[in-house]
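[1] only geometry, no sequence info:
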Ligand SMILES: *Cc1c(COP(=O)(O)O)cnc(C)c1O
């Protein structure tokens, strides 16, 4: 039987992949999950001979089972093309005793490009397949990187509009500049007075607002989500973990079947969940190491079994991980609850009412492949400094959190398995912090001059994505209160 999609919150009939992609979030507020995690139909050895695009098809076809071969291949061709600055799409770089899986070679130099370059094509294909005539309105809350990657993916894609909300004072200068300079007749960018969780909560509320949905439908619109809760984002992320393994195999760094560990700098839990799916599909992964910054809700959760968001929210140098409610964790909770939507829904209700929930011992046992770790601000900058000093390789702040957590894990456990660290952003996306870590005496009058200085020191060329925004005009300057998001959306759509 082919894969169908179910909500994590109520027992119901399964829906097709294309319908799940279109809806983003289920009507009951749940996330869509596949009826089962499919196993590979090719051997690791066979997959090691495939290009990234071929491998992407081999994996995604198992999940997007109502897409025809032509439809899916077409989406893949349009996504993984010369928008990426390397033929291999996701290169694996060895440094300091680990492998860094560089996921930042796309249009916006962060890993969100891996999924957001294909989502618009999956979405418009899904709309065609389901005879949708409404214009699709993408509503997105961003902690920095999703926003620009979604804007770049959707800009001027016919039949779509996109509205992005970001915390006005919670993203880096370059991240903000990337978003507010976005071109395209169908794009809007709005800063909110609040943090990322406020933005995400506001977007979720609009998705659950039936009255608003009715109003939109009358005017020929319907919402969909580009956030990492969309199954059309999760599935493309599985591909690069398989790719990493088969690349190690091809390069004879590991033997076929040898277990590896994977470390992922985590915020909303989408990236590491994709690694978990890859493991369950058949990639020989032992530990999935979940790395947090000082907002260490997930670290505490893996240690104690209690998820508790009632704590101070910290702004760190890895803003894309400054998250207290990791939305995608819900899919894992559902899984460890034995695919029981009732059980999961009651935990999610507690989370929404009290900001916390606890899992029982049996559920906790099913988390045995996960390890939690975290790095403080000081440790993160030191990691960038130390790795640069010893190898010349420059990490961004998010990857540095993971790298530091890995080093601590290895020291504590003496587990020396081959390890892949997901490298989620180019150092040029967080130039300020990176320069503070490797060359505190070198300054620049702005982030761009600093980028030129980083280039001089590191010998890594300034990416095109940074050059392009250097002199670009600001096209978006709307700011709204966190309680005015709905009104803002209605105004922007003219309803
Ligand atoms: C989004 C993001 C993360 C966190 O990924 P999740 O899938 O939300 O856990 C980590 N690093 C960077 C650079 C990101 O943009």
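    Thanks, I have the structure now. These numbers come from a predicted model, not from an experiment.
[2] roughly how far apart are residue 105 and the ligand?
    Counting by C-beta to the nearest ligand atom, to the nearest Å, the gap from residue 105 to the ligand is 13 Å. Every C-beta, even on glycine, is put in place using the N, C-alpha and C of the backbone.
[3] Distance from stretch 276-294 to the middle of the chain?
    Centroid separation for stretch 276-294 versus its chain: 14 Å, with C-alpha atoms, centre = their mean, to the nearest Å.
[4] right, is it up against the ligand?
    No. On the criterion C-beta under 6 Å from any ligand atom, stretch 276-294 is out of touch with the ligand, staying 8.6 Å away.
[5] if you average pLDDT over that stretch, what comes out?
    Here the mean pLDDT over stretch 276-294 is 98, rounded to a whole number.
[6] Please identify the buried residues of it?
    Buried positions in stretch 276-294, judged by neighbour count with 16 or more other C-beta atoms under 10 Å: 276-294.
[7] Same question for stretch 364-373.
    367, 369, 370, 371, 372, 373.
[8] same question, stretch 16-34
    16-26, 29-34.
[9] The buried residues of stretch 364-373 in strands, which ones?
    Counted as lying in strands by DSSP state E, out of these, are 370, 371, 372, 373.
[10] Make JSON lines out of these and add distance to the ligand and pLDDT.
    Listed next are those as JSON lines, based on distance: C-beta to the nearest ligand atom, whole Å; pLDDT from 0 to 100:
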{"residue": "370", "distance to the ligand": "13", "pLDDT": "98"}
{"residue": "371", "distance to the ligand": "15", "pLDDT": "98"}
{"residue": "372", "distance to the ligand": "13", "pLDDT": "98"}
{"residue": "373", "distance to the ligand": "14", "pLDDT": "98"}
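[11] how about those in JSON lines, adding distance to residue 192?
    As requested, those are exported to JSON lines (distance: C-beta to C-beta, whole Å):
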{"residue": "370", "distance to residue 192": "32"}
{"residue": "371", "distance to residue 192": "34"}
{"residue": "372", "distance to residue 192": "30"}
{"residue": "373", "distance to residue 192": "31"}
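[12] Which ones among the buried residues of stretch 16-34 map onto helices?
    Counting by DSSP state H, the part of these found in helices is 17, 18, 19, 20, 21, 22, 23.
[13] Now do the contacts for the last one.
    Contacts for residue 23 were tallied using C-beta atoms under 8 Å, 6 or more residues apart in numbering; they are 15, 32, 224.
[14] same thing but at 10 Å, please
    5, 7, 15, 32, 126, 207, 222, 223, 224, 225, 230, 231 (C-beta atoms under 10 Å, 6 or more residues apart in numbering).
[15] Next, format these as TSV and append pLDDT and secondary structure.
    Formatted as TSV, the entries for the contacts of residue 23 read as follows, by pLDDT from 0 to 100; DSSP: H, G, I helix; E, B strand; the rest coil:
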residue	pLDDT	secondary structure
5	98	strand
7	98	strand
15	97	strand
32	97	strand
126	95	helix
207	87	helix
222	93	strand
223	90	strand
224	84	strand
225	79	strand
230	92	coil
231	96	helix
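[16] And for residue 236, nearest residue in space, chain neighbours not counted?
    residue 115 (4.5 Å; C-beta to C-beta, 6 or more residues apart in numbering).
[17] ok so the one you found is a helix residue?
    Yes. Residue 115 sits within a helix when classified using DSSP: H, G, I helix; E, B strand; the rest coil.
[18] picking that back up, quick one: which of the ones in strands among the buried residues of stretch 364-373 is nearest residue 104?
    Proximity of these to residue 104 (C-beta to C-beta) peaks at residue 373, which lies at 21.7 Å.
[19] Looking at strand pairing, list the partners for that closest one.
    Beta bridges link residue 373 to residue 291, judged by DSSP bridges.
[20] ok, it touching residue 421?
    No. Counting by C-beta atoms under 10 Å, residue 373 stays clear of residue 421, with 11.9 Å between them.
[21] which residues are in contact with both of the two?
    Residues touching both residue 373 and residue 421 (C-beta under 10 Å, 6+ apart) are 263, 289, 291, 402, 405, 406.
[22] Give me the subset of those that lies in strands.
    263, 289, 291.
[23] just the strands in the stretch 351-495 of the chain please.
    356-358, 370-374, 419-423, 478-481 (DSSP state E, counting those that start in this stretch).
[24] Of those strands, flag the one that's most buried.
    Stretch with highest mean neighbour count among the strands of the stretch 351-495 of the chain: strand 419-423 (a mean of 26; mean count of other C-beta atoms under 10 Å).
[25] That one pairs with which strands?
    The strands beside strand 419-423 in its sheet (DSSP bridges) come out as strand 98-102 (parallel), strand 260-265 (parallel).
[26] Please dump these into TSV; it should also carry mean neighbour count for every row.
    Conversion of the strands paired with strand 419-423 to TSV gives the following (neighbours: other C-beta atoms under 10 Å):
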stretch	mean neighbour count
strand 98-102	22
strand 260-265	27
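[27] what's the nearest residue to residue 303 once chain neighbours are set aside in contact with, if anything?
    Spatial nearest neighbour of residue 303, chain neighbours left out: residue 372 (6.0 Å); criterion: C-beta to C-beta, 6+ apart. Residue 372 makes contact with 266, 288-292, 296-304, 405, 409, according to C-beta under 10 Å, 6+ apart.
[28] can you rerun that using 7 Å?
    Shown in contact with residue 372 (C-beta atoms under 7 Å, 6 or more residues apart in numbering): 290, 298, 299, 302, 303.
[29] could you flag which of these are buried?
    Among these, those buried by neighbour count (16+ other C-beta under 10 Å) are 290, 298, 299, 302.
[30] Now flag whichever of these is closest to residue 482.
    residue 298 (23.9 Å).
[31] who's in contact with the closest one?
    266, 290, 292, 326, 372.
[32] picking up where we left off before, mind putting the strands paired with strand 419-423 into a markdown table with distance to the ligand?
    Listed next are the strands paired with strand 419-423 as a markdown table, based on distance: least, C-beta to the nearest ligand atom, whole Å:
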| stretch | distance to the ligand |
| --- | --- |
| strand 98-102 | 12 |
| strand 260-265 | 5 |
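[33] got TSV for the ones you listed, with mean pLDDT and distance to residue 46 too?
    As requested, these are exported to TSV (pLDDT from 0 to 100; distance: least, C-beta to C-beta, whole Å):
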stretch	mean pLDDT	distance to residue 46
strand 98-102	98	21
strand 260-265	98	19
